[in-house]
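Enquirer: coordinates only, no sequence provided:
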C-alpha cells in the first residue's frame, strides 16, 4: 500500500482526493492536515465521507508527512513551495495541485501570482504532471507540478493538431472556456454565492487569467515536439476567455484554430482517434457528436469532439472547432493527481480511477 | 389604446408577451388564440398572470384578430406565413416572432426550415425588426419578421465595427454563444428536461444552426451600410457555435474578430459608446467590465463590453472580443416585439419596457 | 414625491428596494448609505440598475437622512435600534427590515439575537408591519418593525383559521417551510456558496430559528382577535422547521393543523376566499390547485391553497394543509416595506407594486 | 458471475442500474431491452457509459432473458406483471422496480394505478424488497417488488419508533417529502422541463399520491412487528405531502409524529442508533446534526437525524421530527435493486455498492 499524506484538505480538491483515495485499492491515507481545522474529524466537515474516512485533520507540525510515500498539496499557491524541500529530502514524492511548480519561468510566476518563487532550484527539476504528454518524465519524477483545470482541457484538445507542424495557423488559437463554479474553490466569497452565480452566465478574467501563461507554455512545449520552426513557436498567438457557468462541476472548452491548406486536407477525426487510441482517459467521440460535461461527471475521463462548422455558404471551411469536456475536480485536479501517483509508483495507471460517470 | 391580438400564446414568448403587454400603458389585449387550449383561461396555464390577464384562449377561427391594430404570431415556424395575408389585407399590422419573415431568400428559408415559403410576395415587403439597425423602415412597415434571439445579440455586438469598413478582418468572425434553456421553448422534449440540462453544459448545432444564415444575412446587410467592397462582403466568414447553459433566461454571446492595423489604432471603446449613445436599450459597459446575463434578466436591455484579451506575451493584440448579454425572451423576442410595436404606432419607443432587471 | 432614504443598501433587500423604488410613481430616492462602499456608484455594485439608479453610496454620517420622509433600514440586526431615535425625533418615519422592532418582549429579543435591546421605549410604540393584519395601526405609525420572510407567509397562511376560535386544535401547528438561498443574504459564507447549496436540500435551524418566536407572537396575536380563551392562546403549540432549497428566490410554506369537528364541517376554501377577497396581494387559489413559488417571482403577491390530504383510507380527514408561496425578497421583505410606505403616506396601497411575476 | 438482464433500460433507473452493474464485481450484464431503441448501442444514448457498457439495446422478443440468473424490470407500471411469469417458470429471479408487486391488495393496485392486476397469484408470493425490514424473506424470494423512492425513506425513518408499540401516537404521522426532479423519470413532459422546474418549488399530488397507499401498507406492517393492538394499527393516520425541488437527485423526507409520554421519556437518539447499528447503508447522524441530500449523492446510503424542535416556550416537547435523506435513484431505486440482488445470490450485501457519495 502506498502511504499517502494530504496537506490542506479542506477545499474541493481535498475532499475529492479523499473520495478517490478512499476507493483506491493500493493507497492508504496516513494524514491530512489543516491548521484551522486541526482535531476535527474529516467526516464532520464532509458528511459524504462518514464511515469511509475515519481520520481527523491534524496540525501540519504534528502530521507524519515525512513517513509517507507521497504527499499531495491541496493548498493555496505558495504553500508547497515552502514545504516541499524537506519532504523531498526524505525521499517523499510531492504532487502539488496548486500552481507553485507549473510555470518554468520564476519571473512569469511572480508576475502572475504576485509572490517571488521561493525555490527555483526545485522548480527546475519539477515535472509538469500531464500524463498524456509527459508520461515518461512523470514516472521518473520526485516533484510534480499538476496542471490547472483549464490547461488540462486546452492542451489535450490542441495536442494532435499542434504536435505535428503545419496543420493549423499558430497565430489563430482561441480558447473559449466555460467552468462550473467549484473551480473557484471552497472560499467564502460573494461572487460565488448561489444567489450570485445561479441562473447567470458571465465571462471573467478576460484581460488576463493565471492559466493563460501556463497554457501558452504548454502549447509551445507541444509545438517543440513537432517540426515547427522556432519563430513559428514564438509567434504562437493564443487567446483565453474563461466563463463561469451555473453548474457545480465540469469544464467545457471550445477551442478554435484556422486550418492550413494542408490541415484542410487532413482527416482530423482520424488524427484525433489515432493519437488518443491508447490513452485510458481520453475519449474521442464519433464524427458529428458533441460532448456534454455531465458525460464525465465525477470521473477522470476527458471527451473530445472535432468539428468544422460552416463559416459561410460555399466558402472554404478553414475553421477547426475542438470541443473538450472534463470534470474540473477529477481530470482537472484530484483525479489527475491520483493518475500521476499511479505512474510514480508503477501501479496500473487506472487504479482507483475506473469510477463510471454519474448521469443524470 | 392599441388593440392587440396574439396567435399561439402557450409558449414562452407568448407568456412573456402577456407579461409585458399587461404592464403596457397603451396596449389592450383583445384576443389570444390556441387551437389546443381554446376555452382555457390564460391564468390557469400561467398562474403568474392570475388577476392580471383575464382572457381565455380562444379558437383561432373565432378570435376577432382582424379587428386588432396589431397581431403578434408567437407560433411555430410556418403559421404566420399562412395567416398574415388576410390580416394585412384588413390593415392589421403583423409581427411574426417566428422565422417566416426573417430570411429574404426563400431558397435559404426552405433549405433551413424544411418547408417551402408560402408567400414570397409578402416576404419581399417584410421588414427585419431590429430597431437599432432598421428603425426607420420599421416605422413604415406593415409586416415585421422579428429577429431570432441569437441574431439580435450577435448583430448588435458586431454593429459598430462592421458598419464601418476596414476595422476588422471580415473573414475572422466567430460567435461563441451561450443560451439559457428557455430558448428551446416550452415543448415536451427529453433534451431540455431539468434532469438532462441542469448541472450540464454542451455545444449543439455546431454543424449548422438556423440562426447562422440569418446572422450571415444580417452581417452582410450591416457591411452594406459601410464602404466595404462587394467582394469583401461576399468573402465574409462567420462561424456560429451555440451552447446550452443551465439557466432559464439569458444569452451571452462572446464574439471574436481580428482587428486590422487600422482597427488596432482605433479607440474601439469610444466607437461603441458613441454608436449606442442614443439607443435606449443598448448599454455599453465601461472599459474592463464584463457583463453578466442576470444584469438584464426580465428586461429589454442589452449590455455590451469590448475587450482585447492578451494573445501572447509581447505580441500585437489583434484580437477583439465583444461580450453581449440579453434576456432571450425579452430583447431576444417578446420585448423586441413590443419595442417594434411602439415604433409601428408612434408610441414612445420605451413604452411598457422600462421594467428594471431582476437581480438577484 | 415621498423622499426616501435607505441605510445599508448593499444586501439583497437593499437592491430589491432600489429595484422597486426606481419604478415607484411617488417615491424619490434621496440617499443610500454604506460605510464600506461609500463613494461607489450603486450601479457599479448592481449593474442591473445601470441607467436607472444614479446615486452613489454615501457615508452614513454625511447622508441627508433626516431630510427624508421615510428611511428604510436594510441593515444587520442592531443598527436601526441605534439610529432610529434621532430620525424619529425629526419626524422621519422609519421602516426597519431587520428584527429590531419585531419582538415585543425585549427579553425574547436578547435571547434570540444575543444583544440587549437598546431602545425598549421605541419598541413599545413600534408597529408590526403586516398590512393584512395591522393595516390601521400601520397607517398611524411612525416606526415599523417589518415582519421576517418566513413569518409573513406563515401568519398569512394560518390567519383565516386562527382568527376565529374553535376551527383548529391550537396545539397541532407545524410549519414545514422551504426557502430559496437569497434568504440567507448577500454575505460571504461557505454554506451558501453555489457549490454547497446547488443540487442539495437540507433542513436547518431545527433546534430553534429566530423566526420561531416571531411567528409564535404573531399567531397568538391573531388568536387574540378571536374568541379563544387565554389558556388556549397560551397553550398554542407551534413547530417551525425551515429548509434550504436550491433556488434564488421564493418561500414555500407547508402548514399543518388538525381540524376540530367544527372545523371539519366548515367550508375552509370559502373561508379563505372571503377573508382575503379585498386583499390586493393575497390570492387564494381554486380548490385543488397547488401554488408554485415562480408564480409570484419578483412580485408582491402571496398565493395560498388549502387542502385536506387523505390521512388514511376511510378515516376522518382532520388534517388541514395550507400551502403558501411568496417571493422572500418582495412580499417577504422589500415589497412589503414599500406596501407599508404606501400606507404610511396615504398612497394607493399597490403603488409601485403592480409588477407582474416573472415566469419562466 | 451473476448473469443479469434488464428490461426497459432507457430511463433513469435503467442508466443507474447500468452504472452500478458496470462496477459490480460479481455481475455480468447479458442483455438490456428496449422496443423503441432496439439496435442502438447503450453508450450512444448514455455517453457516460462509453467504454464501460458495450451492449446495444435489444428487442425484448430476441433477448436471452430466460438464460439470465436475474432480470430487473426498469419499465413503466404494468410490464413486469405481463412478463414475470414465464421468467419465473424458468427459474429466473425477477426484481421489479415499478409498482406491479408493491401493493398486496389488487383492489388497491387497480384503484391507484388504473389497471387491473394481471397476476394476483404471483402478487401473493412477491416479497417487498426493503432489506432493512425484510432481509430474510428477500433471501428466499423468487420475485421482488422493489419499494418506491419515497416509501423507502419514509419507512426507514419511522421504523425504530413504530416497530415498538407506544412511543408515538399512530394518528399523528405526517411525511413532508421533497424530491429531486429525476424522480419524475426521463419522460418528455412540460412539467419537468428545466425552464419549468428550475428556480421553483411546489407541492404536488397532495390530494393523493400512489406512494401513499404503499407507505400506509408498509407502516402497518411495521406496526405488526410490535405490540400494537389491531385497532391501533387500523387507526393509523398517515398524511403524505410530496414536493418537487430543483435538484436532479435526492429525497429529503421530513417526518413528524407526536410522542406519547412514554416516548418523551425514551432516548430516541439511542433507539435509532442501536436499531441501525448493523445496517451497512443506514447512517444515524449525531444528535443535533441535519442531513443534506448531497451527502448521499450517487451512493446507496440513507442518513437519518432525529430532532425535537421547540413547539412553544416552556411547553412539553412532544413533537418528534425525523429527517431522512437518500439518493432517489440509488437507495430509492437501482441501488436498492442491486442490494436485493446481492441478498438473492448470497453475495456480500454491499458488493458493488461501496461507491463514496459525490460531494460537491
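Expert: That came through, no problem. Note that this is a predicted model, so its numbers are computed, not measured. Numbers count the residues shown, from 1 in each chain, chains lettered A, B, ... in the order given.

Enquirer: avg pLDDT for the helix or strand containing residue A:137?
Expert: Element membership for residue A:137 (DSSP states H and E) is helix A:131-139. Averaging pLDDT along helix A:131-139 gives 98.

Enquirer: count the residues that sit near residue A:136.
Expert: 10 (other Cβ atoms under 10 Å in any protein chain shown). Using the backbone N, CA and C atoms, a C-beta is placed for each residue, glycine as well.

Enquirer: quick check: the residue of the stretch 151-300 of chain A nearest chain D.
Expert: residue A:295 (4.1 Å; Cβ to the nearest Cβ).

Enquirer: return the residues of chain A in contact with chain D.
Expert: A:12, A:15, A:19, A:22-23, A:46-52, A:182, A:186, A:198-199, A:248-249, A:283, A:285, A:289, A:291-292, A:294-299, A:301, A:303, A:329, A:354-360 (Cβ under 8 Å from any Cβ of the partner chain).

Enquirer: quick revisit: list the contacts for the nearest residue to the residue of the stretch 151-300 of chain A closest to chain D once chain neighbours are set aside?
Expert: Among residues not flanking residue A:295 along the chain, residue D:47 sits closest, at 4.1 Å (Cβ to Cβ, 6 or more residues apart in numbering or on different chains). Shown in contact with residue D:47 (Cβ atoms under 8 Å, 6 or more residues apart in numbering or on different chains): A:285, A:289, A:291-292, A:295, A:303, A:359.

Enquirer: likewise for residue A:232?
Expert: The neighbourhood of residue A:232, defined by Cβ under 8 Å, 6+ apart, consists of A:165, A:170, A:223.

Enquirer: buried members of the residues you listed into ChimeraX, please.
Expert: Only the buried entries of the contacts of residue A:232 go into this ChimeraX selection, using 16 or more other Cβ atoms under 10 Å in any protein chain shown:
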select /A:165,170,223
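
Enquirer: mind listing which of the contacts of residue A:232 are in helices?
Expert: residue A:223 (DSSP state H).

Enquirer: burial check on the residue nearest to residue A:147 when sequence neighbours are not counted, number of neighbours?
Expert: Setting aside the residues directly before and after it, residue A:147 is nearest to residue A:130 in space (Cβ to Cβ, 6+ apart), at 5.0 Å. Counted with other Cβ under 10 Å, residues neighbouring residue A:130 total 25.

Enquirer: now residue A:44
Expert: 14.

Enquirer: phi, psi of it?
Expert: Phi and psi for residue A:44, reported as degrees, to the nearest 10, are phi -80, psi -40.

Enquirer: and residue A:156, by the same measure?
Expert: The phi and psi torsions at residue A:156 (degrees, to the nearest 10) take the values phi -60, psi -40.

Enquirer: quick one, strands of chain A?
Expert: Across chain A, reading from the start of the chain, the strands by DSSP state E fall at A:2-7, A:27-33, A:70-73, A:93-96, A:127-128, A:143-145, A:173-179, A:202-203, A:238-244, A:251-258, A:282-284, A:302-307, A:319-326.

Enquirer: what residues sit buried inside the helix holding residue A:137?
Expert: A:131-134, A:138.

Enquirer: pull out the buried positions in stretch A:42-62.
Expert: For stretch A:42-62, by 16+ other Cβ under 10 Å, it's A:42-43, A:45-50, A:52-53, A:55-58, A:60.

Enquirer: which one of those residues is nearest chain B?
Expert: residue A:48 (16.5 Å).

Enquirer: residue A:237 touches residue A:173, doesn't it?
Expert: Yes - at 6.4 Å, residue A:237 and residue A:173 qualify as touching, with contact defined as Cβ atoms under 8 Å.

Enquirer: quick revisit: of all the strands of chain A, which one is nearest residue B:325?
Expert: Residue B:325 lies closest to strand A:202-203 among those, at 7.8 Å (Cβ to Cβ).

Enquirer: good, we can wrap up now.
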